[in-house]
Every structure is written in C-alpha cells, then in structure tokens.
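Colleague: Sequence plus the predicted model coming up.
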Amino acid sequence: MTQKTENRMINPGKILEHNTKKAKVNLHCLTDIHVGSKVFDRSLFLKAIQMIDEDPNALWFGNGDMLEFIPPNYHIPEGDQLFDNNEQYAQFVKMIRPIMDKCIFLRGGNHDTLRSVRLAGIDIIRVLCDDLEVPYYPFPGYAVINYKHNRFTFASGHGKSGAKNGDMELTRLKHIS
C-alpha cells in the first residue's frame with residue numbers, strides 16, 4: 001500500500017494505491033453482508049470467502065454493512081438480530097481471517113459505521129480496520145491497483161438508509177480526473 005496513516009484511514013480526496021505482483025487480478029466486492037442479521041446468509045458468505053481463498057488471483061474489498069449492528073436502545077429492536085454486536089464483530093473477524101491477506105480496504109456502511117458513530121461516538125469498522133491492519137475508507141472514493149506499469153482505477157461507495165444514495169458522490173468523482 002502506498003498510502004499509510006497511523007490509523008490507516010484514507011482521507012477524503014486521497015486515493016488508495018495497492019501494488020500487486022499478480023499479472024491477473026480477480027477483484028471481489030463484498031457488500032451488505034449484515035453479519036448478525038436474521039437475513040444474514042452464512043453459507044453464501046462462506047462460499048464467497050472460500051472462492052476468494054482458493055483463487056490465487058483474488059483481491060477483495062468490503063463495501064459497507066459488514067455487520068448488522070443494532071445498538072441497545074436504538075429505534076429498531078435488538079431482537080431483529082441473531083446475536084449481539086460483540087459476537088457479530090468476533091464472527092466476522094473469524095470468518096474473514098483466511099482472506100485478510102487479499103483485502104485491499106474496508107468501508108463502513110449505514111448499519112455498522114453510521115449506527116456506531118451516532119450512538120457510541122466510535123466507528124466500529126474503523127476499529128475493525130485498525131485491528132486487522134487494513135486501510136479504511138470512510139467515504140466513497142477511488143482506489144488504484146498497480147501492476148508493473150499498468151494501473152486499474154475503480155470507484156466505490158456505500159449508500160445510506162431510506163433509499164438516500166450517498167453513492168451519487170461517485171458520479172461527481174468520475175468527472176474529476
């Protein structure tokens with residue numbers, strides 16, 4: 001990684017650059033996993049992890065809502081999730097551990113980051129990134145994968161709840177270069 005900060009946060013306007021020795025890259029986006037939700041599909045998530053793990057050319061990034069994260073006293077009943085937030089965190093880390101060496105970055109979403117910041121003043125996905133030693137994107141942005149003299153640039157972001165689309169920033173981003 002060419003951009004490093006103490007907490008690995010990719011600040012707004014900065015572009016993460018990931019250098020690879022792989023001549024071919026299969027890029028996977030894992031998004032809206034919602035570990036802990038009643039609709040979380042563990043077997044499908046584990047299949048995705050296995051596919052990434054078995055593919056020597058795979059790289060991946062997490063694009064938000066990795067955890068369901070319903071805090072106590074939130075306007076949604078905690079009963080809408082299968083297990084508490086601590087267990088969600090622990091299970092997510094355990095499941096993705098085999099593919100962490102292929103992770104480019106993680107991004108928070110409206111379920112995990114926005115809820116944890118709003119109610120506890122702490123960004124649970126930023127903490128996760130610090131623990132796992134991977135870059136953290138708090139906002140939509142660009143990332144670049146470099147191989148020798150080749151550059152693959154992509155933009156990503158996570159929407160907001162209530163069908164409000166924070167990803168509209170991506171439209172603005174594409175006009176910058």
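Modeller: Thanks, I have it. Remember, it's a predicted structure, so these values are computed and weren't measured experimentally. Residues are numbered from 1 along each chain as shown.
Colleague: Any stretches of this structure with poor pLDDT?
Modeller: For the chain, the stretches flagged by pLDDT under 70 are 1-7, 77-78, 160-177.
Colleague: try 90
Modeller: 1-9, 11-13, 22-23, 69-85, 110-111, 114-116, 118-121, 138-141, 148-149, 157-177 (pLDDT under 90).
Colleague: That one: strands as residue ranges?
Modeller: With DSSP state E as the criterion, the chain has strands at 16-19, 26-30, 58-63, 103-107, 136-137, 141-147, 150-156.
Colleague: Buried deepest among those, which one?
Modeller: Mean neighbour count (mean count of other CB atoms under 10 Å) peaks for strand 136-137 among the strands of the chain, with a mean of 27. The C-beta positions use only the backbone N, C-alpha and C, and glycine is treated the same way.
Colleague: For A90, see how far away the closest residue to Y137 other than its chain neighbours is.
Modeller: In space, and not counting its chain neighbours, Y137 is closest to R107: 4.4 Å by CB to CB, 6 or more residues apart in numbering. R107 sits 20 Å away from A90, going by CB to CB, to the nearest Å.
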